[in-house]
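okay, structure incoming, though there's no sequence with it:
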């Protein structure tokens with residue numbers, strides 16, 4: 001299949017390790033998948049990770065041969081993909097779309113804080129516990145950066161024990177209210193679902209058809 005776009009894939013792992021998911025399962029949909037790396041929380045605090053994936057996006061775009069650039073990721077990588085897509089590589093609106101799978105997006109969400117009260121990776125990322133009124137917490141919250149109009153796909157397992165499903169559901173509503181073409185697939189299963197599972201593959205393909213030129 002001819003490549004339709006380049007997908008910069010940002011791995012998950014709680015901003016402190018590398019998950020096994022590499023996005024390769026999306027390549028058959030016509031995507032040239034390019035991996036991004038970033039410093040873990042033990043090496044650098046937020047927003048160093050955004051700086052790193054922006055640099056990776058610049059390199060991917062330079063090598064894309066004019067193909068559209070998409071950004072995507074799973075879990076913590078999906079959070080970084082959302083920041084990169086919504087805030088832009090150079091300016092807001094300069095990517096074609098975001099594919100975010102089971103993304104943590106709100107460090108102050110009550111469901112999240114109950115679920116992860118004994119092991120909150122946001123605290124490692126920020127260098128301190130998230131707090132209302134804290135500038136770093138606000139900057140790391142995805143919904144602080146809406147309005148560029150970039151299309152977003154959110155996929156979430158309703159029984160996710162690592163990232164509450166309400167994170168994606170709530171963000172979808174806020175994206176729509178801010179004028180983003182938002183696609184939400186809330187499905188059965190937990191965290192780190194298979195990207196080539198038929199339903200996930202189908203909704204991803206439908207999203208790609210909505211944001212990319214015809215194959």
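Nice, thanks for sending it over. Remember, it's a predicted structure, so these values are computed and weren't measured experimentally.

which stretches of this protein form strands?
In the chain, the strands defined using DSSP state E lie at 5-10, 31-36, 69-74, 97-101, 152-157, 182-187.

could you dump those strands to JSON lines with mean pLDDT, distance to residue 205 and mean neighbour count?
Every residue, glycine included, has its C-beta placed from N, CA and C. Listed next are the strands of the chain as JSON lines, based on pLDDT from 0 to 100; distance: least, Cβ to Cβ, whole Å; neighbours: other Cβ atoms under 10 Å:
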{"stretch": "strand 5-10", "mean pLDDT": "98", "distance to residue 205": "13", "mean neighbour count": "26"}
{"stretch": "strand 31-36", "mean pLDDT": "98", "distance to residue 205": "10", "mean neighbour count": "20"}
{"stretch": "strand 69-74", "mean pLDDT": "98", "distance to residue 205": "13", "mean neighbour count": "28"}
{"stretch": "strand 97-101", "mean pLDDT": "98", "distance to residue 205": "11", "mean neighbour count": "27"}
{"stretch": "strand 152-157", "mean pLDDT": "98", "distance to residue 205": "11", "mean neighbour count": "25"}
{"stretch": "strand 182-187", "mean pLDDT": "98", "distance to residue 205": "11", "mean neighbour count": "18"}
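
which among the ones you listed is found nearest to residue 82?
strand 97-101 (5.2 Å; Cβ to Cβ).

how far does that closest one sit from its chain's centre?
Mean-position distance between strand 97-101 and its chain equals 5 Å (Cα atoms, centre = their mean, to the nearest Å).

swap in stretch 151-167?
With Cα atoms, centre = their mean as the basis, the mean position of stretch 151-167 lies at 11 Å from the chain mean.

which helix or strand in this protein has the lowest average pLDDT?
helix 110-115 (a mean of 88; mean pLDDT, DSSP states H and E).

what residues does it touch?
104, 106, 120, 161, 162, 163, 164, 166, 167 (Cβ atoms under 8 Å, 6 or more residues apart in numbering).

the third one: what's it in contact with?
The contact partners of residue 120, by Cβ under 8 Å, 6+ apart, come to 107, 113, 129, 130.

nearest spatial neighbour of the third one, skipping sequence neighbours?
Setting aside the residues directly before and after it, residue 129 is nearest to residue 123 in space (Cβ to Cβ, 6 or more residues apart in numbering), at 4.8 Å.

any idea how far that neighbour lies from residue 167?
Residue 123 is 17 Å from residue 167, where distance means Cβ to Cβ, to the nearest Å.

equivalent analysis for residue 63, please.
Taking Cβ to Cβ, one finds residue 63 at 33 Å from residue 167.

between those two, which one's more packed in?
residue 167 (22 against 11; other Cβ atoms under 10 Å).

so the more buried one touches residue 100, yeah?
No: at 10.2 Å, residue 167 and residue 100 do not qualify as touching, with contact defined as Cβ atoms under 8 Å.
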